[in-house]
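I would like the atomic coordinates for the input below:
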Amino acid sequence: MQLDLPLVAESCRIAASRSAILARAFKTLAFALTIALSLSSTAVAKRTGGKVFNKITDINAVTITVSIGVDGNTHQTYSITDNTKVTLNGAPSNARDLRAGMIAHVVLSADGRTATIINGRDAPAHPGGHRNRTG
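Numbers count the residues shown, from 1 in each chain. This next block holds a predicted model:
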């Protein structure tokens, strides 16, 4: 039995190319799943009365820090760039208009560290859903 070596070499090259493509696809899928899981874990916010709050704890020209997690005691800081789109109470705005204590929904870039969109709004007057009543 005689093998046609160029044909065998070409078959090996095609198989290796397909393996590389599959490996790259699996790496991309694994990366996307990792990002999705990390975003979902950081997107968990303090729950009060059935409402979800991501409270801004600190903001400056280049970063925003929000409280996250079930207890709200965990904080995450994200970078703000010139390309970050910001709204305040539904209207286009700037990051400099946001303040600590406001509520923010932050959409992250693929790196998970940069805010691409920040939708800020004033904090509810009574986040617990009840008022102190006297008399």
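
State the distance from the closest residue to residue 57 other than its chain neighbours to residue 54.
In space, and not counting its chain neighbours, residue 57 is closest to residue 65: 4.9 Å by C-beta to C-beta, 6 or more residues apart in numbering. Placement of C-beta: from N, CA and C, glycine included. Between residue 65 and residue 54 the computed distance is 11 Å (C-beta to C-beta, to the nearest Å).

So between those two, which is more surrounded?
A count of neighbours by other C-beta atoms under 10 Å puts residue 54 above the other of residue 65 and residue 54, at 24 against 17.

What is the neighbour count of the closest residue to residue 59 other than its chain neighbours?
Using C-beta to C-beta, 6+ apart and skipping the chain neighbours, the partner closest in space to residue 59 is residue 98 (5.2 Å). Residue 98: 21 surrounding residues under other C-beta under 10 Å.

show me where the protein has helices.
5-43 (DSSP state H).

Report the helix or strand with the lowest average pLDDT across it.
Least confident helix or strand, the chain: strand 46-48 with a mean of 37, by mean pLDDT, DSSP states H and E.

Buried residues of the longest strand seen in the chain, list them for me.
Longest strand in the chain, counting residues (DSSP state E): strand 74-88. For strand 74-88, burial by neighbour count (16 or more other C-beta atoms under 10 Å) applies to 76, 78, 80, 84, 86-88.

would TSV of these with distance to residue 107 and pLDDT be doable?
Compiled in TSV, those are given as follows (distance: C-beta to C-beta, whole Å; pLDDT from 0 to 100):
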residue	distance to residue 107	pLDDT
76	13	89
78	10	92
80	12	95
84	9	94
86	11	95
87	11	95
88	15	95
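
ok, of those, which one's closest to residue 61?
Nearest to residue 61, judged by C-beta to C-beta, of the buried residues of strand 74-88 is residue 80 at 7.2 Å.
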